[in-house]
Every structure is written in C-alpha cells, then in structure tokens.
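J.: predicted coordinates and the sequence they were generated for:
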Amino acid sequence: MSSAERLPTAIAASLGWRDRLAAWRDGLVAQRRFQRWAASFPLTRPLVRRRALDLFDLMAGFVYSQVLLAAVRTRLFEHLADGPKSLPELAQLLNLPERGAQRLLDACNALRLTEPRGEGRYGLGALGAPMPGNEAVAAMVEHHCALYADLRDPVALLRGEPATAMAACWPYVADDRPGELRAEHVASYSGLMSASQPMVTDELLACYRLQAHRHLLDVGGGEGRFVRRLAAEQPHLQLSLVDLPAVAERARAALAADGLAGRVQAHGADFFRDALPAGADVVTLIRVLFDHDDVRVQRLLRSIRQAMAPGGTLLVAEPMRDTAGAQAMGDAYFGLYLLAMGRGRPRSIAEHRELLLAAGFRQVRVLRNPMPLHTRVLAATA
Ligand SMILES: C[S@@+](CC[C@H](N)C(=O)[O-])C[C@H]1O[C@@H](n2cnc3c(N)ncnc32)[C@H](O)[C@@H]1O
C-alpha cells in the first residue's frame with residue numbers, strides 16, 4: 001500500500017495529483033525490499049547508484065571541504081603550478097611527513113584537485129588547475145573556518161541562537177551604529193571582499209556596457225577594487241564609492257597607492273542613515289543587498305533612487321536564489337551563510353524585482369552574464 005493510500009481519506013482527497021504521485025514515490029523508495037530490487041534491476045541500477053553517491057556526498061561534503069582547506073593552507077596548488085612533482089618533493093614543500101602528504105594527494109586525486117602523472121608524480125587536476133594564484137577561492141576557503149565553527153550545531157543556529165564566529169567577521173551586521181566601526185573592525189572582511197570581488201565584477205562588466213554613462217557610484221564599494229579597475233578601463237567615467245567611514249578610509253589608502261587619489265572620490269557614510277552622494281547616472285550594488293533584511297533594503301533602494309539622476313541605471317549584482325543549476329548554492333549555501341552572519345537572505349529575481357519596483361525603480365531587466373551560478377545581474381531604471 002502506498003503512503004498516499006495510507007493517508008486519512010480527507011487529506012488524500014485534498015492532495016493534487018503531483019502530491020499524490022510524490023507520496024506514492026516516497027512510500028515506494030522508503031521500502032527496503034524496493035531498494036534492494038531497484039539496486040539489482042539493470043534499468044534502475046544506474047539511477048540508484050547515482051542517488052546513493054549523491055547522498056554520500058551530502059554526508060561527506062564537510063570532509064571534502066577540509067581536504068581543500070589543507071591543500072590551500074599547504075599551498076599545494078602553487079607548488080604544482082610549474083609542473084608535476086614527486087611525493088618526496090611535495091612532502092618537503094608542503095612541510096608534511098610523506099605519509100600525510102600521500103594521504104592528502106590521494107584525497108585530492110579523488111576530488112579531481114590533483115591527478116597522478118607519469119613516473120609517480122602528481123600534477124594539477126581539472127578542479128585544481130584554476131587554483132594557483134586564485135586569491136578569491138583561497139580567501140573564501142580560509143574564511144569558511146568561521147562558518148564551519150558556527151555550523152557545528154546547525155539546529156541551534158536554526159533555532160535562532162547567535163553564531164559568534166561569523167558575527168565577529170561581519171561586525172556591521174549586528175552594530176546599530178556601523179558608522180562608528182573602527183579600522184581594526186573592518187580590515188578582515190574588507191580584505192576578503194577585495195580578494196573575491198573580481199569574480200563578481202567580471203560578470204557585471206561582461207553583460208553591461210558603461211560607455212553611455214558619465215558618473216558611476218559604487219554603493220557599499222568596499223576598498224574600491226571595482227572603481228580602481230574602472231579608472232583604468234573606463235577613462236571617460238567620473239567615479240565615486242560610498243562605504244562605512246572606516247572602509248572608505250581603506251579605499252582612500254588603496255586609491256592613493258594606485259595613484260588615483262584625485263581620480264575617484266571615496267565617501268564615508270552609513271547608507272541607512274546618511275544621504276548618498278548625488279548625481280550619478282549609474283549606481284552599482286555589488287553583493288550588498290543580500291546582507292540586509294527587506295526593510296533595510298527598501299530604505300537603501302529609496303535612498304539610492306533619490307540620489308540618482310532621473311533615467312539613470314541601478315545595477316544589482318549578487319548570487320540569487322532559484323538560479324537553474326545552482327539552487328543549492330542559493331538556498332543551502334547562502335541561506336545558511338547569511339543565517340550564521342546574523343542578517344539578510346538570498347533573494348530570487350522576482351523578490352528583487354518586487355523590492356526595486358516598490359522603491360520606485362522601473363523596467364527591471366535581467367542581464368545575461370556568463371556565470372549566473374554565482375552572480376546574477378539586474379538593471380533597473382531610476
Ligand atoms: C558584502 S560587502 C561587499 C563589498 C563590495 N561591494 C564587494 O562586492 O566586494 C558589503 C559592503 O557594504 C558595506 N556596508 C554595510 N553596511 C553599511 C552601511 N550601513 N553603510 C555603508 N556601507 C555599509 C560594508 O562595509 C561592505 O563593504
């Protein structure tokens with residue numbers, strides 16, 4: 001008897017056909033006898049094996065992450081960047097006993113981070129090849145130690161107990177007066193954002209041309225990595241950014257170091273309390289909205305619209321929920337990441353559209369960028 005058939009008649013009758021089908025499938029798959037049959041029947045066997053592997057990967061995923069952490073910390077990818085190496089050579093470079101190096105390399109081979117090469121040597125694998133010099137991934141892998149600590153008790157997190165490690169990384173989230181944060185509070189997350197930002201701005205620049213604009217304001221622009229890049233690539237653009245005073249100070253130092261002190265204005269402000277610099281005809285919000293709840297997002301969007309030249313364009317670039325092929329990244333990874341951080345949530349395109357329209361923007365368009373898996377880009381007219 002299927003589980004749909006076992007449901008009280010009143011409930012079963014109210015279920016749609018999809019629910020009835022799902023209930024029947026769940027009941028069937030839960031039966032040990034069916035599992036054994038499906039694992040041995042030639043037509044269902046490949047699917048059963050696939051599902052079993054998927055489930056195992058979910059269970060073991062944290063171990064894979066720690067293998068990656070060990071590889072990043074020992075700089076394995078950098079050591080292999082100039083070509084394959086033998087176990088004794090690698091053990092010395094990684095500063096590991098040969099047994100430990102062998103265990104790490106076996107694990108990395110299995111995860112396609114490295115691969116065996118001729119004469120007992122090891123080279124970069126399909127997933128390891130992009131890693132040497134990839135400061136974004138290396139910085140995020142290191143940063144995940146905080147998330148890992150906060151996910152030790154995921155149920156406590158879901159019950160609303162505070163997550164201390166991530167909150168310490170993102171002090172502006174819990175602070176009612178983030179404008180008063182000092183240099184030592186913002187240094188660590190600003191460095192992390194700067195390292196990982198090109199991954200996102202590459203996507204934005206791949207799908208939106210800035211030629212027609214004259215003044216760009218990057219809101220929550222961090223240390224100014226994006227505007228510093230634009231200063232070189234878009235000589236016609238007037239450039240400004242706004243971020244918390246202590247972060248804007250870091251941006252000013254970075255601009256000065258690049259010889260761009262007079263070229264880009266870095267404004268220090270709390271964008272929920274202070275008016276934004278006026279007059280830009282294109283405003284960018286890169287990985288900013290998902291940090292905040294809807295009420296704050298609404299306040300920020302209205303403030304941006306008021307500061308913008310009429311007819312100007314707002315560009316929103318961040319990971320979004322419901323992205324085909326990356327649902328786990330949106331809802332599982334960013335969902336729990338932002339929960340541990342203490343505020344904000346990943347949003348779908350529809351949720352962004354609703355917030356943008358409510359704040360007075362119109363013509364919200366989804367731009368087509370090469371890697372929607374980790375970044376979607378929306379354009380809205382002020
Ligand atoms: C997740 S980071 C993204 C930084 C940058 N846009 C990027 O993608 O690398 C969010 C930024 O928003 C800034 N921010 C957060 N709350 C703020 C506030 N109330 N006023 C101004 N900036 C704020 C943070 O300091 C931080 O630089």
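T.: Received it, and whenever you're ready, just let me know what you need.
J.: when you work out contacts or count neighbours from here on, use the C-alpha atoms and nothing else.
T.: OK.
J.: hey, which helix or strand in the chain has the poorest pLDDT?
T.: Ranked by mean pLDDT, DSSP states H and E, the helix or strand of the chain with the weakest confidence is helix 3-6, at a mean of 50.
J.: helix or strand next in line after the longest helix seen in the chain, which one?
T.: The longest helix of the chain (DSSP state H) is helix 45-73. Remark: after helix 45-73, the chain's next helix or strand is helix 76-80, criterion DSSP states H and E.
J.: in the stretch 1-150 of the chain, which spans are helices?
T.: Secondary structure of the stretch 1-150 of the chain (DSSP state H, counting those that start in this stretch): helices at 3-6, 9-14, 17-29, 32-40, 45-73, 76-80, 87-94, 98-110, 135-150.
J.: please identify the most buried of these.
T.: helix 76-80 (a mean of 21; mean count of other CA atoms under 10 Å).
J.: one step back: what's the offset of the longest helix of the chain from the middle of its chain?
T.: 20 Å (CA atoms, centre = their mean, to the nearest Å).
J.: same question for stretch 121-129.
T.: 24 Å.
J.: and if you look at stretch 295-307?
T.: 23 Å.
J.: same thing with stretch 280-300?
T.: 16 Å.
J.: how long is that stretch from one end to the other?
T.: 15 Å (CA to CA, to the nearest Å).
J.: buried set for it?
T.: For stretch 280-300, burial by neighbour count (16 or more other CA atoms under 10 Å) applies to 280-292, 294, 297-298, 300.
J.: near the ligand, from those residues?
T.: 286-288 (CA under 6 Å from any ligand atom).
J.: any chance of the residues you listed in a markdown table, with secondary structure too?
T.: Shown next, in a markdown table, are these (DSSP: H, G, I helix; E, B strand; the rest coil):
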| residue | secondary structure |
| --- | --- |
| Ile286 | strand |
| Arg287 | coil |
| Val288 | coil |
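J.: now, among the residues you listed, which is nearest to Ala38?
T.: Arg287 (44.8 Å; CA to CA).
J.: so who does the residue nearest to the closest one when sequence neighbours are not counted touch?
T.: Counting by CA to CA, 6 or more residues apart in numbering, Glu318 is the residue found nearest to Arg287 once chain neighbours are left out, at 4.8 Å. By CA atoms under 8 Å, 6 or more residues apart in numbering, the contact set of Glu318 is 200, 286-288, 290, 374-377.
J.: try Tyr172
T.: 178, 181.
J.: that one falls within a strand, correct?
T.: No: judged by three-state DSSP, Tyr172 forms no part of a strand; its state is helix.
J.: I figured Leu301 hits Glu354, correct?
T.: No: taking contacts as CA atoms under 8 Å, Leu301 lies outside contact range of Glu354: 11.6 Å.
J.: between the two, which one's more packed in?
T.: Leu301 (23 against 13; other CA atoms under 10 Å).
J.: elements contacting the helix or strand hosting that one?
T.: According to DSSP H and E, Leu301 maps onto helix 294-307. Here helix 294-307 touches helix 349-358, going by 3 or more CA pairs under 8 Å, 6 or more residues apart in numbering; DSSP states H and E.
J.: tell me what angle the helix it packs on forms with helix 294-307.
T.: Relative orientation of helix 349-358 versus helix 294-307 (axes from the mean of the first three to the mean of the last three CA atoms, to 10 degrees): 50 degrees.
J.: quick check: mean pLDDT of helix 349-358?
T.: For helix 349-358, mean pLDDT is 98.
J.: how far does stretch 271-291 stretch from start to finish?
T.: Per CA to CA, stretch 271-291 runs 13 Å from first to last residue.
J.: OK, contacts around Arg252?
T.: Neighbours of Arg252 in contact, by CA under 8 Å, 6+ apart: 223, 261, 266.
J.: looking at the residues you listed, which one is closest to Arg117?
T.: Glu223 (41.5 Å).
J.: which SSE is the closest one in?
T.: With DSSP H and E as criterion, Glu223 is part of no helix or strand.
J.: do the same with the one 5 residues further on
T.: Under the assignment given by DSSP H and E, the secondary-structure element containing Arg228 is helix 225-233.
J.: what's the answer for Leu204, then?
T.: Going by DSSP H and E, Leu204 is part of helix 183-207.
J.: what's the closest non-adjacent residue to Asp331?
T.: Arg321 (6.2 Å).
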